[in-house]
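[1] Have a look at this fold, sequence not included:
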């Protein structure tokens with residue numbers, strides 16, 4: 001069949017039409033793509049840990065001079081200095097403005113009258129349900145808060161002072177800065193109006209630091225508390241005593257400390273500990289003291305008065321690592337000294353929990369001593385631990401490592417390794433699995449490659465760990481990053497902890513939902529930058545180029 005000339009013309013015209021349409025379509029789309037690439041994306045704050053619920057707008061709130069930032073409290077809270085103290089801490093850490101120092105007290109308003117709020121200021125209006133003086137954070141204390149920001153006002157509502165602290169940290173992360181051509185710095189909050197409802201996924205979000213194998217200064221410990229507040233972590237587990245040293249000063253048994261510490265200068269005095277615990281309380285961090293025993297106790301018996309409370313000579317190898325020595329289960333002086341140690345912990349530490357360790361107990365240590373012949377050593381050890389628990393009292397909970405022979409009373413807390421399916425339901429549990437160990441992959445105390453817990457645990461590895469199954473069990477309280485002190489000191493603490501503990505903070509606060517995973521790396525870039533700005537040394541997340549251009553890496 002032949003195609004007539006008229007048909008060819010129609011086909012040709014249609015082909016031209018299709019070609020023109022395709023050209024127009026792809027040209028327009030290419031232009032739109034190019035326009036989209038050239039159009040700046042809306043600036044959205046990168047918050048860490050991710051709030052449970054958050055919405056951003058397309059606006060921007062300009063902040064006045066940092067000296068004109070005002071905290072507006074109801075009359076019921078005006079006499080509680082904690083609110084003022086923590087607000088001024090953040091003002092300094094964010095703005096670094098020396099010229100505001102003389103004006104700080106005049107910038108704090110304890111009023112609710114809107115007429116008293118000047119138009120040129122940025123106000124932070126606070127409402128807290130709790131109207132009594134802030135106490136000490138506990139396992140049941142609410143840390144919930146809501147935060148909204150629009151134009152020149154932020155509204156922060158919380159159940160307790162500690163919810164206020166968490167909300168203030170989020171507000172601080174909303175604030176951005178930009179240098180002007182005249183050299184000044186302008187501050188603003190992008191993405192307004194902002195609306196946030198936030199609360200933690202778990203009750204125990206901790207870091208364990210070891211100050212017995214290497215003494216850590218109080219300056220390092222306070223800096224750690226600040227960094228924990230910036231990451232919404234709430235428990236510092238202080239491994240204060242071990243076989244290497246006994247830096248906890250005992251007022252009624254001073255020679256135990258003076259001979260057990262590395263030197264008489266490397267000790268923690270009672271007044272220093274009380275001040276430190278208070279410093280942590282104001283920042284919403286609990287401090288749990290760990291008194292490692294009955295293993296790892298060589299430092300207890302270096303004074304002549306208590307020389308006979310140690311079993312296993314230092315050279316016989318009945319220990320996980322040197323120096324060896326376990327506390328005697330037979331000497332009456334053991335209970336005498338233990339009574340004073342526990343009494344001192346109760347005097348100095350306000351927390352409802354005390355940690356008794358019970359890690360790496362070596363039965364063969366006692367078995368090597370002829371005094372234990374015909375004795376049931378396991379029963380003796382359990383009796384010793386029960387005596388410890390009795391001395392602690394009913395008003396506090398005991399905490400133990402998961403390989404303890406004795407697990408305490410109902411409601412006590414076990415730090416478990418991996419599965420806790422065999423732990424009776426009457427206990428509470430905290431995870432310290434190898435996924436949370438911060439000293440893995442850094443070599444041994446003798447300089448050999450590797451370590452028992454494998455490779456270094458990166459921030460991405462930590463975030464990949466699911467806690468979904470644990471969350472389904474009412475026993476589960478949370479988890480801890482652990483940093484034992486064999487290869488750690490003042491110089492290395494911050495960079496070993498951060499930002500890997502930031503990853504744990506995200507996991508335990510918000511659970512890293514799937515929809516948050518795509519922006520996690522960029523948010524962590526910003527969190528590390530904030531830590532650096534606030535004086536916390538942190539290992540970089542990636543190169544500077546990829547920090548500036550995350551979409552190209």
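    On my side now, so go ahead. Since we're looking at a predicted model, the values are computed, not measured.
[2] Which residues are in contact with the residue lying closest to residue 215 once chain neighbours are set aside?
    Distances taken as CB to CB, 6 or more residues apart in numbering put residue 266 closest to residue 215, at 4.3 Å, once the chain neighbours are dropped. All C-beta atoms are positioned from the backbone trio N, CA, C, and that covers glycine. The contact partners of residue 266, taken as CB atoms under 8 Å, 6 or more residues apart in numbering, are 215, 245, 247.
[3] Run through the residues that contact the residue positioned nearest the centre of the chain.
    Central residue of the chain (CA atoms, centre = their mean): residue 233, 3.1 Å from the mean position. Residues in contact with residue 233 (CB under 8 Å, 6+ apart) are 205-207, 285, 501, 504-505, 508.
[4] ok, it to residue 286 distance?
    If you measure residue 233 against residue 286 using CB to CB, to the nearest Å, the figure is 10 Å.
[5] Output the below-cut-off pLDDT ranges for the protein.
    Along the chain, segments meeting pLDDT under 70 span 1-41, 97-120, 313-316, 418, 451, 513-517.
[6] in the stretch 351-500 of the chain, which spans are strands?
    Secondary structure of the stretch 351-500 of the chain (DSSP state E, counting those that start in this stretch): strands at 353-357, 397-401, 413-416, 428-431, 476-483.
[7] what's the closest of those strands to residue 303?
    Nearest to residue 303 among the strands of the stretch 351-500 of the chain is strand 353-357 (20.8 Å), distances taken as CB to CB.
[8] Run through the neighbouring helices and strands of the closest one.
    strand 286-293, helix 332-348, helix 377-392, strand 397-401 (3 or more CB pairs under 8 Å, 6 or more residues apart in numbering; DSSP states H and E).
[9] With distance to residue 417 and mean neighbour count added, can I get these in JSON lines?
    Listed next are the helices and strands packed on strand 353-357 as JSON lines, based on distance: least, CB to CB, whole Å; neighbours: other CB atoms under 10 Å:
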{"stretch": "strand 286-293", "distance to residue 417": "16", "mean neighbour count": "24"}
{"stretch": "helix 332-348", "distance to residue 417": "25", "mean neighbour count": "18"}
{"stretch": "helix 377-392", "distance to residue 417": "19", "mean neighbour count": "17"}
{"stretch": "strand 397-401", "distance to residue 417": "8", "mean neighbour count": "23"}
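[10] export those to CSV and tack on distance to residue 549?
    Formatted as CSV, the entries for those read as follows, by distance: least, CB to CB, whole Å:
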stretch, distance to residue 549
strand 286-293, 40
helix 332-348, 50
helix 377-392, 55
strand 397-401, 45
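[11] Indicate which one of those is closest to residue 68.
    When the helices and strands packed on strand 353-357 are ranked by proximity to residue 68, the top entry is strand 286-293, at 34.9 Å, counting by CB to CB.
[12] That closest one pairs with which strands?
    The strands that strand 286-293 pairs with in its sheet are strand 235-241 (parallel), strand 353-357 (parallel) (by DSSP bridges).
[13] isn't residue 290 right up against residue 355?
    Yes - Residue 290 sits in contact with residue 355 when judged by CB atoms under 8 Å, with a separation of 3.6 Å.
[14] which neighbours do those two share?
    237, 399.
[15] just the strands paired with strand 286-293: most buried one?
    strand 235-241 (a mean of 25; mean count of other CB atoms under 10 Å).
[16] about what we covered before: could you flag which of the contacts of residue 233 are buried?
    Buried members of the contacts of residue 233, counted by 16 or more other CB atoms under 10 Å: 205-207, 285, 501, 504-505, 508.
[17] Reformat those residues as JSON lines; add secondary structure and distance to residue 93.
    Rendered in JSON lines, the data for the buried ones among the contacts of residue 233 read as follows (DSSP: H, G, I helix; E, B strand; the rest coil; distance: CB to CB, whole Å):
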{"residue": "205", "secondary structure": "strand", "distance to residue 93": "21"}
{"residue": "206", "secondary structure": "strand", "distance to residue 93": "23"}
{"residue": "207", "secondary structure": "strand", "distance to residue 93": "20"}
{"residue": "285", "secondary structure": "coil", "distance to residue 93": "16"}
{"residue": "501", "secondary structure": "helix", "distance to residue 93": "18"}
{"residue": "504", "secondary structure": "helix", "distance to residue 93": "22"}
{"residue": "505", "secondary structure": "helix", "distance to residue 93": "18"}
{"residue": "508", "secondary structure": "helix", "distance to residue 93": "23"}
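[18] Turn these into a markdown table, columns for distance to residue 77.
    Written out in a markdown table, the entries for the buried ones among the contacts of residue 233 read as follows (distance: CB to CB, whole Å):
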| residue | distance to residue 77 |
| --- | --- |
| 205 | 26 |
| 206 | 28 |
| 207 | 30 |
| 285 | 21 |
| 501 | 31 |
| 504 | 32 |
| 505 | 27 |
| 508 | 29 |
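[19] ok, so of those, who is nearest residue 177?
    Of all the buried ones among the contacts of residue 233, residue 505 has the smallest distance to residue 177: 23.7 Å, by CB to CB.
[20] for the stretch 401-550 of the chain, what spans make up the helices?
    Assigned by DSSP state H, counting those that start in this stretch, the stretch 401-550 of the chain shows helices spanning 459-463, 468-471, 493-497, 500-509, 514-517, 520-533, 544-548.
[21] just so I know, which of the ones you listed lies nearest residue 170?
    When these are ranked by proximity to residue 170, the top entry is helix 500-509, at 10.9 Å, counting by CB to CB.
[22] the inter-axis angle of the closest one versus strand 476-483?
    Put simply, helix 500-509 runs at 180 degrees to strand 476-483, going by axes from the mean of the first three to the mean of the last three CA atoms, to 10 degrees.
[23] relative to helix 520-533, how tilted is helix 500-509?
    Going by the same axes, to 10 degrees, helix 500-509 is angled at 120 degrees with respect to helix 520-533.
[24] Which residues does helix 500-509 contact?
    Applying CB under 8 Å, 6+ apart, the external contacts of helix 500-509 come out as 48-50, 200-202, 204-205, 207, 227-228, 231-233, 436, 438, 457-460, 462-463, 465, 467, 478-479, 481, 512, 520, 524, 527-528, 531, 538-539.
[25] among the residues you listed, which ones are buried?
    The neighbour count (16+ other CB under 10 Å) marks 48-50, 200-202, 204-205, 207, 227-228, 231-233, 436, 438, 457, 459, 462-463, 465, 467, 478-479, 481, 512, 520, 524, 527-528, 531, 538 as buried among the contacts of helix 500-509.
[26] Can you report how many residues neighbour residue 305?
    14 (other CB atoms under 10 Å).
[27] If we only consider the contacts of residue 266, which is nearest to residue 311?
    Distance from residue 311 was checked for each of the contacts of residue 266 by CB to CB. The minimum falls on residue 245, at 19.2 Å.
[28] ok, now which ones touch the closest one?
    Taking CB under 8 Å, 6+ apart as the definition, contacts of residue 245 comprise 212-213, 215, 260-262, 266, 299.
[29] Which of these sits closest to residue 141?
    When the contacts of residue 245 are compared for distance to residue 141 (CB to CB), residue 212 comes out closest, at 29.3 Å.
[30] Quick one: neighbours of that closest one, just the number.
    The local packing count at residue 212 equals 26, with neighbours defined by other CB under 10 Å.
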